[in-house]
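# Attaching a predicted model along with its sequence, questions to come.
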Amino acid sequence: MHEIRCETPPAVDLSQVRCVRGRDVIASQYAPYTADESKMPGQGAEALFFPASEAEVAAVMKSMNAEGTKVTISGARTGLVGGAVPFGGAVMTLDRLNKPLELSHEGGEWRVRTEPSVTLTELGDWIKKKAFPGLKERGSAATLAALDAFRNDGKTWFYPPDPTEMSAFLGGTIATNASGALSYKYGATREWVRRLRVVLANGEILDVPRGRYHASPDGTFVLVHGDGSRSTIRLPSYAPPRAKKNTAGIYAAPGMDLIDLFIGSEGIFGAITECEVALAEWHGTVSVIQFLPDDEAALDFVLALREGLSADESLRPEFCEFYDGHALDLLRAKQQANPKSLDMPPIPSDAGAAIFFDVKFDPAAGPEGLDYSVLKRVVERCGSTFANSWACYERRDYARFKHFRHALPETVNATIGLRKKTYPTLHKLGTDLAVPDEHLKAIWHLYRDTLESTGLEWVAFGHIGDNHFHVNIMPRDPDDLAKGLAIYKTFAEKAVAMGGTVSAEHGIGKMKKKFLSVMFTGQQLEEMKAVKRALDPAAILNPGDILDM
Amino acid sequence: MRILVCVKQVPEVTDVQVDPEKGTLNREGVASILNPFCEYAMDLALTLKAAHGDVEIVTLTMGPPQARAALLRTLEMGADQAILVTDRKFAGADTWATALTIAEIVKKQGGGFDLILVGKHAIDGDTAQVGPEVAEILSIPQVTYAVALELDEKRKNVIVKRETEMGYEKVRMKLPGLVSVSKGANVRAVCSFEAVLAARSKPLRTLTAADIGLDAAELGLQGSPTQVVKVFPPTVKTAGERISGADPEAAAKRALAFLKENQFV
């Protein structure tokens, strides 16, 4: 079915929706609502709406659409590309839509339905403790029965998408198809979304369960509006890039599910008001930071894991993260200045790179249940041993290891922060490019050889398992910055030529639009705009994000 | 040299929530961990082993069967063998019954131990009693709140750096003896994957009440003369008066005057 009927929400008078008006008041008292983690300077907003229900969201949209006022949707504002930064118009924050709504067991899996502004940390806590605030009081009989069964099933569950920023809202992570370390095994957010309710720019609502609405053979969806009129969405003709992760541009594929059009669209097609996601069963793992002689050995290790994947379970990590030699040096310097700074023992002096991965592990098993001999041989072939590693399997230590991982970008940011005092326009250059598997070594050699020859200061880390390195260039002065920007552009072009993406996880927002034209032709960008026009004819939603309408 | 490190498994306190209705701890889904102060005790044992080589570290815990996990952690850190003391008959043991049981095991271990290390307290019970009680029952000297220690040249004594409310002091203690360990300057240990795997092949024995041979009346709840009446934070001591200066006679006079002023003498 490619036709979907739009729901008309109960009418709410806009005056009932909490609102702050006036650019100056918003700038002085509500400034956080006009910025996000990108630190991109915006132009503020004239109005700030705080809807408390889906009907109120619809009332805001309907009214803004009628008067032609642009609306920037504001979630947890943890985005890195300025998606939530307004340039005038209104801001609609979904902060108040933050409740769990339902727990169900469907399609052989546990599913949680919530309002959009639940943080990933909250969601994780609820699932871990098997307690969802207020659901017992509010839930239907079916939900209560599901809660009982969930509590008593004796298993541990979790929601796999794990972008670094766990204070992100679930709705925001769906709007951006967020991914994280665990995407290596579990895929990005898209894989876990089962149903969405979306308020369109005209205030109508779409209820989109996965599996019900698919694009017609000629690549269209049809919206049937409340007044009986119809609008056709013609999907772009391009195929998604072959890289495993991608958040650049609008998702399009033959026969695609309508829900996938909204996932990763960065809110330019509608505001998500309800999300239903699936859970995965959690099993014990051991996290290992395996030190290796150099970057090349780390790449060999990743390739060996892939080759042996089907041969041995121990070669199937949950995630696979990289620290290059420069990254370890930066962390070592931090440890030398303050041995307790990383809450870890000294990084071994002979380590020239490291891979952080996670494999199945049962701490209660005897030696016979713990055969990691295949993995051990892989490590040895790459010039290291299990003795030259750090391992943990307790929750408190996972947190410690995670902190060690975060310490790297934090250190880069702090270093740039210091340099900004001398050169205020300086900023770090963080790449977010990913390529298909077969180009892992080629893209790494391109990064390394190019950057080493320029004398720029740089580190690399991130999702090596998905061929998705975060190369961070740390300019020392404006000359370095100019040099770095030019290099970034060539990296993007080469990655796209390899079948990769210009944005594997950070999205496009307002800051990375220039890279979109590296990846898509003018015709393809026009096709994206046609989708936007079909869903938001007056182009009021998230203006300036992804597309310049 | 043989070192015994007595450890305890505790709930991960950051995870524990108080049930707002019942006022009790909600332990559902709460992980169990090796008490952090026991890890610091292990750290000191390993420091001695690294410095002297011929040191055998035995770890011991008394608890339910799942307390084995805490022992595995000590084996990963570098202990050579571990003893799990577990029996339903030990259930409900207070600090006295626990100390008595541990002391009895120590007496029965062939060769004895030169040094017993314990954490200064467990983060769940917070009593800080078991270690000192073990020393008293065994009639061996003890030093509390250690942050570092070393052996003297003849390895007959340990020199312990201990923390006090005023700062640090160094004391010498004749072996065998017991040292309770506070948080030192170290970052918590991280084990290698090799150590994690190797720990599962190290000796880990289980002892039951029958192996220990104490009377049933001395074990568990039956052997526990104390009970928790109330839990409250200790009162904060005010600064008091510190007598300093190089003249002992003047200091003694001042001390005597203080005692008289406050009608202690």
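Looks like it came in fine.

# Which parts of the longest helix seen in chain A count as buried, going by neighbours?
Looking across chain A with DSSP state H, the single longest helix is helix A:395-420. Using 16 or more other CB atoms under 10 Å in any protein chain shown as the test for burial, helix A:395-420 gives A:397, A:400-402, A:404-405, A:407-409, A:411-412, A:415-416, A:419. C-beta: built from backbone N, CA, C; applies to glycine.

# Same check on stretch B:193-213?
B:193-200, B:202, B:204, B:207, B:209, B:212.

# Could you dump those into a markdown table with pLDDT, secondary structure and distance to A:D466 added?
Compiled in a markdown table, those are given as follows (pLDDT from 0 to 100; DSSP: H, G, I helix; E, B strand; the rest coil; distance: CB to CB, whole Å):
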| residue | pLDDT | secondary structure | distance to A:D466 |
| --- | --- | --- | --- |
| B:F193 | 97 | helix | 23 |
| B:E194 | 97 | helix | 28 |
| B:A195 | 97 | helix | 30 |
| B:V196 | 96 | helix | 27 |
| B:L197 | 95 | helix | 28 |
| B:A198 | 95 | helix | 32 |
| B:A199 | 95 | helix | 33 |
| B:R200 | 93 | coil | 32 |
| B:K202 | 96 | coil | 38 |
| B:L204 | 96 | strand | 40 |
| B:L207 | 93 | strand | 50 |
| B:A209 | 90 | helix | 55 |
| B:I212 | 87 | helix | 55 |
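
# Same list (the residues you listed) but as TSV, adding distance to chain A.
What follows is the buried residues of stretch B:193-213, written out as TSV (distance: CB to the nearest CB, whole Å):
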residue	distance to chain A
B:F193	4
B:E194	4
B:A195	8
B:V196	5
B:L197	6
B:A198	9
B:A199	10
B:R200	5
B:K202	10
B:L204	10
B:L207	19
B:A209	24
B:I212	25
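
# how about residue 54, phi and psi?
Using chain A here. Backbone dihedrals for A:E54, given as degrees, to the nearest 10, come out at phi -60, psi -40.

# So what does the residue of the stretch 1-150 of chain A at minimum distance from chain B have for phi and psi?
Here the stretch 1-150 of chain A gets closest to chain B at one residue, A:K129, 5.4 Å apart by CB to the nearest CB. Here is the backbone geometry of A:K129 (degrees, to the nearest 10): phi -90, psi 0.

# what number of residues lie near it?
15 (other CB atoms under 10 Å in any protein chain shown).

# Was I right to think B:A199 contacts B:E76?
Yes. If you go by CB atoms under 8 Å, B:A199 and B:E76 touch, sitting 4.2 Å apart.

# how many other residues sit next to the residue nearest to B:A148 when sequence neighbours are not counted?
Leaving aside its sequence neighbours, B:A148 sits nearest to B:K161 (CB to CB, 6 or more residues apart in numbering or on different chains; 4.2 Å). If you count neighbours by other CB under 10 Å, B:K161 ends up with 16.

# how much space between B:K161 and chain A?
Per CB to the nearest CB, to the nearest Å, B:K161 is found 18 Å from chain A.

# secondary structure class for that residue?
strand (DSSP: H, G, I helix; E, B strand; the rest coil).

# so who does it touch?
Counting by CB atoms under 8 Å, 6 or more residues apart in numbering or on different chains, B:K161 touches B:A146, B:V147, B:A148, B:L149, B:Y168, B:E169, B:K170.

# beta partners for the first one?
Read it as B:A146. Residues in a beta bridge with B:A146, per DSSP bridges, are B:R162, B:V181.

# got a pLDDT number for it?
We note a pLDDT of 94 for B:A146 in this prediction.

# low-scoring stretches of chain A, by residue?
For chain A, applying pLDDT under 70 flags the ranges A:309-310.

# Go again with 80.
For chain A, the stretches with pLDDT under 80 are A:308-315.

# okay, now the domains of it?
The domain map for chain A lists A:3-96, A:100-281, A:285-497, with the assignment taken from automatic domain parsing.

# Now intersect the contacts of B:K161 with the strands, please.
Mapping those onto strands (DSSP state E) picks out B:A146, B:V147, B:A148, B:L149, B:Y168, B:E169, B:K170.

# before we move on, the earlier item: quick one: common contacting residues for B:A199 and B:E76?
Counting by CB under 8 Å, 6+ apart, the residues touching both B:A199 and B:E76 are B:C191.

# secondary structure class for B:E104?
helix.

# Could you do A:K340 as well?
Under three-state DSSP, A:K340 comes out as coil.

# Same check on A:D358?
Assignment for A:D358 (three-state DSSP): strand.

# who's in contact with it?
By CB under 8 Å, 6+ apart, the residues touching A:D358 are A:T285, A:V286, A:S287, A:V288, A:P317, A:E318, A:F319.

# Please go through the residues you listed and note which also touch chain B.
Contacts with chain B within those, counted by CB under 8 Å from any CB of the partner chain: A:V286, A:V288.

# any idea which of the contacts of A:D358 is the one closest to B:A250?
A:S287 (61.1 Å; CB to CB).

# Report the secondary structure element holding the closest one.
Element membership for A:S287 (DSSP states H and E) is strand A:285-292.

# outside of that strand, which residues touch it?
Under CB under 8 Å, 6+ apart, the answer for strand A:285-292 is A:298, A:301, A:318, A:347-348, A:350-361, A:363, A:379, A:382-384, A:386, A:388-393, A:397-398, A:401, A:404, B:193, B:196.

# do stretch A:127-142 as well
Stretch A:127-142 has contacts (CB under 8 Å, 6+ apart) with A:99-104, A:112, A:126, A:143-144, A:147, A:150-151, A:156-159, A:279, B:17, B:28-29.

# So the spatially most central residue of chain A, which state does it fall into?
Residue closest to the average C-alpha location in chain A (CA atoms, centre = their mean): A:A178, at 1.9 Å. Here A:A178 is recorded as coil under three-state DSSP.

# Chain B contacts on the stretch 101-250 of chain A?
Proximity of the stretch 101-250 of chain A to chain B, by CB under 8 Å from any CB, involves residues A:K128, A:K129, A:K130, A:T156.

# biggest separation within these, which pair?
Using CB to CB, the two most remote members of those are A:K129 and A:T156, lying 10.6 Å apart.

# residues in contact with A:L123?
By CB under 8 Å, 6+ apart, A:L123 lies in contact with A:V112, A:T114, A:Y159, A:L170.

# before we move on, what SS does A:D125 have?
helix.

# Count the neighbours of it for me.
A:D125: 14 neighbours (other CB under 10 Å).

# give me the residue from the stretch 401-549 of chain A nearest chain B.
Going by CB to the nearest CB, chain B is nearest to A:F401 of the stretch 401-549 of chain A, at 8.6 Å.

# from what I can see that residue touches A:Y393, true?
No. A:F401 is not in contact with A:Y393 according to CB under 8 Å; the separation is 10.3 Å.

# SS state for A:M64?
Here A:M64 is helix, with the state taken from three-state DSSP.

# so how far is A:A271 from it?
11 Å (CB to CB, to the nearest Å).

# Among these two, which residue is more densely surrounded?
The neighbour comparison of A:M64 against A:A271 (other CB under 10 Å) goes to A:A271, with 28 against 23.

# That one contacts A:T93, correct?
No. Contact criterion CB under 8 Å: A:A271 and A:T93 do not qualify, at 10.6 Å.

# Pull out the buried residues from the helix or strand A:D479 falls within.
In this assignment (DSSP H and E), A:D479 forms part of helix A:478-497. Of all the residues in helix A:478-497, those buried under the rule 16+ other CB under 10 Å are A:D480, A:L481, A:K483, A:G484, A:I487, A:Y488, A:F491, A:A492, A:K494, A:A495, A:V496.

# Please list the residues of the stretch 51-200 of chain B that sit near chain A.
B:68-69, B:72, B:187-197, B:200.

# and these, which two are the farthest apart?
B:R68 and B:V187 (26.0 Å).
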